[in-house]
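*Asks:* Have a look at this prediction, sequence included:
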Amino acid sequence: MNDYNAAELSDKKAGAYVLKPIDYRIGSVVAYQKVLRNILRELKKATKNMILPAYKNGAFDAVAVRDEDDEDEVNAAELAAVAIAGAGVAALFQQLRELAARLTDNAMTQVSKIFSSENTRHTKKFISRISQSLGVDVSSVVRPSDNKSLLQTYVNRNANLITSMTNDAIKQIEEEVYKAKLQNKSAEELSASIQQRFKALRKSRADLIARDQLAKINADLSMSRIKQSGAKSYQWDYRHGIPRQTRREHHVARHRKIFPVGEPSGDEPGMAINCQCRARAVIEIKND
Ligand SMILES: [Zn+2]
């Protein structure tokens, strides 16, 4: 990334120029949500096709018995049966985990594309903001490739977030299966409780990851461009009326206030979970 000094390049009269903020696209959030919801849908389908029939056929019976019986009373034949059943059940969940890993791998190609297209668009927007406010063309120095390593960091971080989501999904399926066995629930009742878990995961994880990560990458892209332009400060922009954001009173209080780049350290706009605040570059042109 090549830095430049937007204030020095501009012929505008002295003053502080506050650039319009840049948003991420809602379309990108929706695209990312679709990718994540698809992973959950495929896992749910596999659960329905593999785990529920096994539950119906009593594959979990012997495994569940071990919890109830006193160790001393279990004979060798029973222990062998438990071991065989346990191995079968473990193999089922192993298959689910392998499926989750494949789904995550495939998803990352799409996630990379979404982030990359956000970066390309953000780059163009920033160039046009500088041009509109300062009358300077920076298209030869502000390039999408400047943010290559930032994008890679986001791809890696999101691969971890998705893996953690699928690990949790499989852990919850296991919990539901054993809970159902202990409570003598039917396969239909088990199916209903698993559906509930997936529904909750979709809302609390999949949709949140998509919204939060797009806001975060947008915030990082903005800050990276603000620094590159030589701006020493930015204006905080709290977005009133944006649904599904976490309202933080100290962020509301920062609205329209000017901060030095890099502050407040660790809590810059858009960095807290579900924060939709933005930073507007402040370019200060001084008298010659
Ligand atoms: Zn905020």
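*Replies:* The structure has been received and is ready for your questions. Numbering: from 1, shown residues only.

*Asks:* Poorly predicted segments of the stretch 1-150 of the chain, please.
*Replies:* 62, 64-74 (pLDDT under 70).

*Asks:* Nearest to the ion: which residue in it?
*Replies:* Pro21 (12.6 Å; Cβ to the ion). (Each C-beta comes from the backbone N, C-alpha and C, glycine too.)

*Asks:* Helix, strand, or coil at that residue?
*Replies:* Secondary structure state of Pro21, per DSSP: H, G, I helix; E, B strand; the rest coil, is coil.

*Asks:* Look up phi and psi at it.
*Replies:* Dihedral pair for Pro21: phi -70, psi 170, per degrees, to the nearest 10.

*Asks:* what about Ala180, how many neighbours?
*Replies:* 21 (other Cβ atoms under 10 Å).

*Asks:* do Val261 as well
*Replies:* Val261: 16 neighbours (other Cβ under 10 Å).

*Asks:* Is it correct that it is in contact with Ser229?
*Replies:* No. With contacts counted by Cβ atoms under 8 Å, Val261 stays clear of Ser229, the gap being 10.0 Å.

*Asks:* joint contacts of the two?
*Replies:* Residues within reach of Val261 and of Ser229 at once, by Cβ atoms under 8 Å, 6 or more residues apart in numbering: there are none.

*Asks:* where do the helices sit along the stretch 1-150 of the chain?
*Replies:* 6-9, 26-46, 52-56, 61-68, 76-134, 148-182 (DSSP state H, counting those that start in this stretch).

*Asks:* circling back to that earlier point, doesn't Arg280 make contact with the residue of the stretch 1-150 of the chain closest to the ion?
*Replies:* Yes. Judged on Cβ under 8 Å, Pro21 makes contact with Arg280 at a distance of 4.9 Å.

*Asks:* anything in contact with each of the two?
*Replies:* Common neighbours of Pro21 and Arg280 (Cβ under 8 Å, 6+ apart) are Asp237.

*Asks:* how about the residues of the stretch 151-288 of the chain near the ion?
*Replies:* His251, Cys275, Cys277 (Cβ under 5 Å from the ion).

*Asks:* Neighbouring strands - and their directions - for the longest strand anywhere in the chain?
*Replies:* Counting by DSSP state E, the longest strand found in the chain is strand 278-285. Applying DSSP bridges, strand 278-285 is found paired with strand 15-18 (antiparallel), strand 233-237 (antiparallel).
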